[in-house]
Every structure is written in C-alpha cells, then in structure tokens.
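1. return atomic coordinates for the entry below.
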Amino acid sequence: MSRIGKKPVEIPKGVTINLDGNHIKVKGPKGELFRTIHPSIKAEIVEGELLVTRPNDLKESRALHGLTRALIQNMVVGVTDSYKKSLEIVGVGYKAELKGKNLLLNIGYSHPIYFVPPDEIKLEVPSPTQIIISGNDKELVGLVAAKIRSFRKPEPYKGKGIKYSDEHIVRKAGKTAGA
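-> Prediction:
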C-alpha cells in the first residue's frame with residue numbers, strides 16, 4: 001500500500017472540494033483550482049477528509065495512487081496558502097524590473113528579455129537582483145521559476161546567472177598558469 005496514497009487529505013475550514021467523476025475542483029479563500037484525475041483512481045469525501053483509493057495492485061495503479069493524493073494535497077494547500085519561489089540574479093549589470101505585470105530582464109545579452117507571466121502568477125521584484133514568483137498552483141509556480149532561470153542559467157566559474165535563492169552553485173577552478 002502506498003504510504004502517501006493511504007493518508008487522507010485534510011479539508012480545512014473555508015475549503016470546498018467538488019468531485020464530478022474524474023474532475024476535482026478545489027475552492028478556497030485564495031482562489032480555485034481544477035484537475036482531472038486518472039479514471040482508475042477513485043476519490044471520495046468521508047467525514048471532512050478526502051480519501052484516494054486504487055482498484056488493484058498493478059504497478060501503474062500504485063504509482064498513480066500516491067501521485068493523485070499528492071496533487072490533491074498541493075491543490076488544497078494552494079487555495080489556503082500561496083506557493084512562492086525566490087530567484088536571485090548574480091552578475092555585474094544584471095537586473096530585473098517590473099513593467100506593469102510583466103518582467104524585464106537585462107542579463108548580459110545584447111537585448112533585454114521581456115517575460116509575460118501567466119494570469120495566475122504574481123511577480124514581485126523587491127530589489128533589482130531578486131524575483132519572487134507566487135501563485136496558487138504549485139506546478140505552475142515551479143514552471144515559471146524554471147522558465148525565468150533558463151534565460152541565463154548560473155555558470156560554474158563565476159556563478160553569474162539566475163539561480164534559486166536556496167540553490168548552491170558548485171564552483172570550478174579556472175585555468176592556472178603553466179609552470
């Protein structure tokens with residue numbers, strides 16, 4: 001039995017979950033999220049908790065059991081508390097700024113990069129070298145953070161580029177003079 005899959009999902013006060021066949025809709029104070037689950041996985045609400053069950057012990061069913069429960073848990077957490085990712089920009093002259101809701105990046109290319117985020121995502125730039133991405137959908141927040149990081153990944157010699165705030169860049173030694 002899946003250790004994660006057999007745990008019930010606690011439904012906090014102020015959160016409503018609607019089950020319609022394979023479609024799950026979670027509504028809370030910070031918004032609402034939708035997801036379609038695999039047809040073989042069943043979800044039901046029992047005494048203020050959501051239980052996820054699987055029909056058999058096939059490898060695919062076991063894998064989907066824990067995955068589905070984790071996705072639903074992330075949806076419940078997302079509509080009660082928002083998810084956040086923080087990025088740091090390292091490099092001389094590298095900076096970010098908000099133009100309305102969009103992000104303008106100057107990161108060493110001959111042209112600035114103009115990034116338009118999805119509607120569900122909120123971007124903040126507290127300083128020119130820091131970007132905070134927040135939203136209800138954990139998957140979308142991570143995807144946007146990875147996309148922004150991909151514009152200039154950190155390089156191993158000087159550490160220049162865009163990195164996650166909790167990421168550690170392994171540095172390499174540069175060339176040394178021959179003897």
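2. from here on, contacts and neighbour counts on C-alpha atoms
-> Will do.
3. what pLDDT is listed against the spatially most central residue of the chain?
-> In the chain, the residue lying closest to the centroid (CA atoms, centre = their mean) is residue 142, at 2.7 Å. With respect to pLDDT, residue 142 has a value of 96.
4. quick check: longest helix of the protein.
-> Scanning the chain for the longest helix, with DSSP state H as the assignment, gives helix 59-80.
5. burial measure for residue 28, as a count.
-> Residues near residue 28, counting by other CA atoms under 10 Å, number 20.
6. got phi/psi on it?
-> Phi and psi for residue 28, reported as degrees, to the nearest 10, are phi -150, psi -170.
7. so what's it up against?
-> With contact taken as CA atoms under 8 Å, 6 or more residues apart in numbering, residue 28 is in contact with 14, 15, 16, 76, 79, 80.
8. against residue 72, how distant is the closest residue to the third one other than its chain neighbours?
-> What that stands for is residue 16. Distance criterion CA to CA, 6 or more residues apart in numbering; nearest residue to residue 16, sequence neighbours excluded, is residue 27 at 5.3 Å. Counting by CA to CA, to the nearest Å, the gap from residue 27 to residue 72 is 12 Å.
9. looking at the two, which is more packed in?
-> The neighbour count for residue 27 versus residue 72, taken as other CA under 10 Å, is higher for residue 72 (23 against 20).
10. read off the pLDDT value for that one.
-> At residue 72, the model reports a pLDDT of 94.
11. so, low pLDDT: which residues of the chain?
-> 1-2, 178-179 (pLDDT under 70).
12. can you pull out the helices in it?
-> 59-80, 138-150.
13. make a markdown table out of these and add distance to residue 113.
-> Below are these laid out as a markdown table (distance: least, CA to CA, whole Å):
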| stretch | distance to residue 113 |
| --- | --- |
| helix 59-80 | 29 |
| helix 138-150 | 10 |
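14. ok, what's across the strand from the residue nearest to residue 16?
-> Assessed by DSSP bridges, residue 27 has beta-bridge partners residue 16, residue 32.
15. quick one: the residue lying closest to residue 135 once chain neighbours are set aside from residue 53, how far?
-> Nearest in space to residue 135, with sequence neighbours left out and distances taken as CA to CA, 6+ apart, is residue 121 at 5.0 Å. Distance, residue 121 to residue 53, by CA to CA: 32 Å.
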